[in-house]
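J.: quick one: sequence plus predicted model below, questions after.
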Amino acid sequence: MKKAKSLLIFSAIFFLIIFLIILSQVLSYGYIKKVDYSINEKITKFQTSNLIESAKILGALTDTIPIIIFVIIIILLLYFKYDRVYSKLFVIFFLMNSLSFNIIKNLLEISRPLNILIMEKGFAYPSGHSTTAFFLFGFLLYLSNKYFKDNLRKILIIVFSILPIIIGFSRIYLNAHWFSDVLGGAILGLFWLSVFIYTRISVKK
């Protein structure tokens, strides 16, 4: 238990430092912005109508209302079948995760790419889709490893490992976000996930 808690503390500190480094690079127009522009330019060469439509569907399925419905289902399953403490903490940390990226977005007011292929409101950094995906599916990956066994466990771990990466990539593919937005969002989501799991194993049932 102590080893797990130490690892989670280290992870949270590590993710926070990385997030701040990315943020400083974005604000100072450092090297990462050159990477942003390069990826944004090159990704257009690989855009096809079918893949664009697929990315749009994925974006719609992981937008606010579908995610809220999905989160409510997770909360109910946790509360009535698995772990009531987890269900209560999940509500708190999901809200903290969501509030954090919204507050940062509105404080920084960083613009999205000009060649965006979809209608989006709000600012770019960090990507809300990525922050939510890495927090939410990272948690489901953790639960899959904890509560399931054998082939189902392996399948769920693979699915929940790949999904946030695909979601993050789709935001770049649609020119809805810069690479740094997605990377920063992923790191922020993993930070909150580390703090969340640490809090749960520190709280007695």
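T.: Sure, I can see it. Everything numeric here is computed off the predicted structure, so don't read it as measured data.

J.: pull the contacting residues for Ile118.
T.: Each residue near Ile118 by CB atoms under 8 Å, 6 or more residues apart in numbering is listed here: 56, 59, 174, 176. In short, each C-beta sits where N, CA and C put it, glycine included.

J.: what about it, which helix or strand?
T.: For Ile118, there is no host helix or strand (DSSP states H and E).

J.: please narrow the contacts of Ile118 to those residing in helices.
T.: Among these, the ones falling in helices (DSSP state H) are 56, 59.

J.: mind giving me the PyMOL command for buried ones among the contacts of Ile118?
T.: Selecting only the buried entries of these in PyMOL, with 16 or more other CB atoms under 10 Å as the criterion:
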select buried, resi 56+59+174+176
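
J.: so can I have a markdown table of the contacts of Ile118 showing pLDDT?
T.: What follows is the contacts of Ile118, written out as a markdown table (pLDDT from 0 to 100):
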| residue | pLDDT |
| --- | --- |
| Lys56 | 93 |
| Gly59 | 89 |
| Leu174 | 95 |
| Ala176 | 94 |
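
J.: what's the burial count for Gly122?
T.: Gly122 has 10 neighbouring residues, counting by other CB atoms under 10 Å.

J.: what sits against the closest residue to it other than its chain neighbours?
T.: Once flanking residues are discounted, Gly122 sits nearest to Lys105: 5.9 Å by CB to CB, 6 or more residues apart in numbering. Residues counted as contacts of Lys105 (CB under 8 Å, 6+ apart) are 122-126, 128.

J.: helices of this protein, residue ranges please.
T.: Under DSSP H, the chain gives helices at 2-27, 31-43, 49-61, 64-77, 84-108, 128-147, 150-173, 179-202.

J.: show me where pLDDT drops low in this structure?
T.: For the chain, applying pLDDT under 70 flags the ranges 204-205.

J.: look up how far Lys3 lies from the residue nearest to Gly122.
T.: Here the criterion is CB to CB, to the nearest Å. By it, Lys105 lies 36 Å from Lys3.

J.: now, the most widely separated pair of the contacts of Ile118?
T.: Pairwise distances across these (CB to CB) peak at 9.7 Å, for the pair Lys56 and Ala176.

J.: need the residues touching each of the two.
T.: Residues touching both Lys56 and Ala176 (CB under 8 Å, 6+ apart): 117-118.

J.: related to what we said a few turns ago, in TSV: the helices of the chain, plus distance to Ile116.
T.: Listed next are those as TSV, based on distance: least, CB to CB, whole Å:
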stretch	distance to Ile116
helix 2-27	18
helix 31-43	10
helix 49-61	12
helix 64-77	18
helix 84-108	15
helix 128-147	13
helix 150-173	10
helix 179-202	12
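
J.: ok, which of these comes nearest Asn115?
T.: Asn115 lies closest to helix 31-43 among these, at 7.2 Å (CB to CB).
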